Each structure stands twice: as C-alpha cells, then as structure tokens.
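Q: Prediction below, plus the sequence it came from.
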Amino acid sequence: FNAALMGKNSGTKKAHAERKVEPRVAAHDIAYRIVTGIAAVFVGLGIGLMGCGISILNKSREKSDAVTLLDDLPLVTISYVILFLGVGLAVISVCGIYGAWKENRFFLTIFLFSLFCFMLVQLCMGVFLFLYESENVLDDVVEDFWFEEGQNARQRRLDYQDFFDCCGWANAYDSRASGYSTACPRSDPVSCRQSTLNWLAEFYTPIAVF
C-alpha cells in the first residue's frame, strides 16, 4: 500500500513538473518563432533594397551619360552602397532565420549585431540623401559651372536642359543673357534647379524613407 501511494505521489509530482516545464518550452518556442518572423521580414526588406539600388543605379548611370554638370554629385556611388546594403541585409537575415531554426546562439548574435549596424548605416544614408535634396547643395555643385561662358559650357547647359526638360538654372531665363546664349525651346518651362530637385525627390527620397 505504501509503495502504491509513493508511486502515485511520484506520478503526481512528475505530472506537476511536466506542467511547470511546458510553459517554459512554449515561451522558448514562441521567442524563436518571433525572431524567425522578424528575420524573414528583413530578408524581404533586403531584397527590396537591392531592387531599389539596381533601379537608381540605372537612373544614375543614365544621368551620368547624359549630364556632366552633376558629376560631383556621387549618385552612382550612393546607388552601389544602397545595393550592397540590401545584399548584406538579406544575407544576415538568412543567418538569423537559420540561427532561430537551429536555436544557434552564435548565428543569432551575428544577426542581431549586424542588424543593429545595418540600421545605423541606413539611417546615415537616409540623412545623407535628404541633405542632398536641397537647393544649397545643388547650387554648390552646379551653379558655378552652369554660368561658365564658351561653346562647351553652352553645350553642357543644353544637355542638362534636354535631360531634365527644363530651362535656366534658378529661373527659366537666367542663361539666355549675352555670354550664355542658351536657347530654351520649351513653353512655360521649369527651372533646371527645381527640375533636378523633382528628379531627386522622385527616385531618391522614397529610398531615404525606406
């Protein structure tokens, strides 16, 4: 009788112990699933960033081939940085998924630390892109070269106007004066400074926000 009672008590204690362990196991599994979900989201974001980098790289090369007055604006370099950030983010996020799936702390540590670093770099890139989308920066890069005299300078202005579908720099008439003689065949044109800002806002500002 005592042996049976002891066996029953032992079974009861074992059942209680199992019930106490179950919540811990469940919480443990939930934590790893959350990390897996977060890592999967960042894989998608990394692939999206890669796509954005390729898209603006093509736009930047197109601009570089057609317009020389913006050569001091490192848009091609920025495009490559964004592209490689996307690749890196996708790769380290895959490491995070693997680490969560295998419950490997080493890969999870790499994922979390790298993710923190990538977030800092992306924040800096976003601020950098926002700063470049300003009249003062464009004036520093373009304005002095825009108002140079001579046939080569005139051709650079014409190429710029054709690419951005604009006329003049600060306004549509400031490069028609004697010495510049840059024709503007467009009716009701936008200034080239404003047209450039619109172009940057269309292709680069969304990536800065992203």
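A: Good, I have the coordinates.

Q: ok, Asp162 - how many residues close by?
A: 12 (other CB atoms under 10 Å). Just so you know, the C-beta spots here come from the backbone N, C-alpha and C atoms, and that holds for glycine as well.

Q: How about the one 3 residues further on?
A: The tally of other residues near Asp165 (other CB under 10 Å) stands at 12.

Q: Same question for Val43.
A: Residues near Val43, counting by other CB under 10 Å, number 18.

Q: Next, it: secondary structure please.
A: helix (DSSP: H, G, I helix; E, B strand; the rest coil).

Q: Distance of the residue nearest to it when sequence neighbours are not counted relative to Leu85?
A: Leaving aside its sequence neighbours, Val43 sits nearest to Ser93 (CB to CB, 6 or more residues apart in numbering; 4.2 Å). Separation of Ser93 from Leu85 (CB to CB, to the nearest Å) stands at 12 Å.

Q: the more surrounded of the two?
A: Neighbour count, other CB under 10 Å: between Ser93 and Leu85, Ser93 has more, with 24 against 19.

Q: tell me which element the more buried one is part of?
A: Assigned by DSSP states H and E, Ser93 belongs to helix 75-102.

Q: tell me the average confidence for that helix?
A: Averaging the model's pLDDT scores along helix 75-102 yields 88.

Q: what about it, distance to the chain center?
A: With CA atoms, centre = their mean, to the nearest Å as the basis, helix 75-102 stands 11 Å off its chain's centre.

Q: Equivalent analysis for stretch 110-118, please.
A: 16 Å.

Q: number of nearby residues for Asp188?
A: 6.

Q: ugh, wrong one, I meant Leu75
A: 21.

Q: In contact with it, which residues are there?
A: Leu75 is in contact with Ile56, Ser60, Lys63, Ser64, Tyr204, counting by CB atoms under 8 Å, 6 or more residues apart in numbering.

Q: From what I see, the residue nearest to Val43 and Phe111 are in contact.
A: Yes. Look at Ser93 against Phe111 with CB atoms under 8 Å: they come within range, at 7.0 Å.

Q: Now list whatever residues contact both of the two.
A: Both Ser93 and Phe111 are in contact with Ala39, where contact means CB under 8 Å, 6+ apart.

Q: quick revisit: so how far is Gly53 from the residue nearest to Val43?
A: As judged by CB to CB, Ser93 and Gly53 stand 16 Å apart.

Q: now do Leu200
A: From Leu200 to Gly53 the distance is 16 Å (CB to CB).

Q: Nearest residue to Ser114 in space, please, no chain neighbours.
A: Ile92 (4.2 Å).

Q: Which parts of the protein are helices?
A: Here the chain has its helices, by DSSP state H, at 2-66, 75-102, 105-132, 135-138, 144-146, 151-164, 192-203, 205-209.

Q: Format those helices as a markdown table; extra columns: distance to Ala183.
A: As requested, those are exported to a markdown table (distance: least, CB to CB, whole Å):
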| stretch | distance to Ala183 |
| --- | --- |
| helix 2-66 | 18 |
| helix 75-102 | 27 |
| helix 105-132 | 29 |
| helix 135-138 | 22 |
| helix 144-146 | 15 |
| helix 151-164 | 8 |
| helix 192-203 | 14 |
| helix 205-209 | 31 |
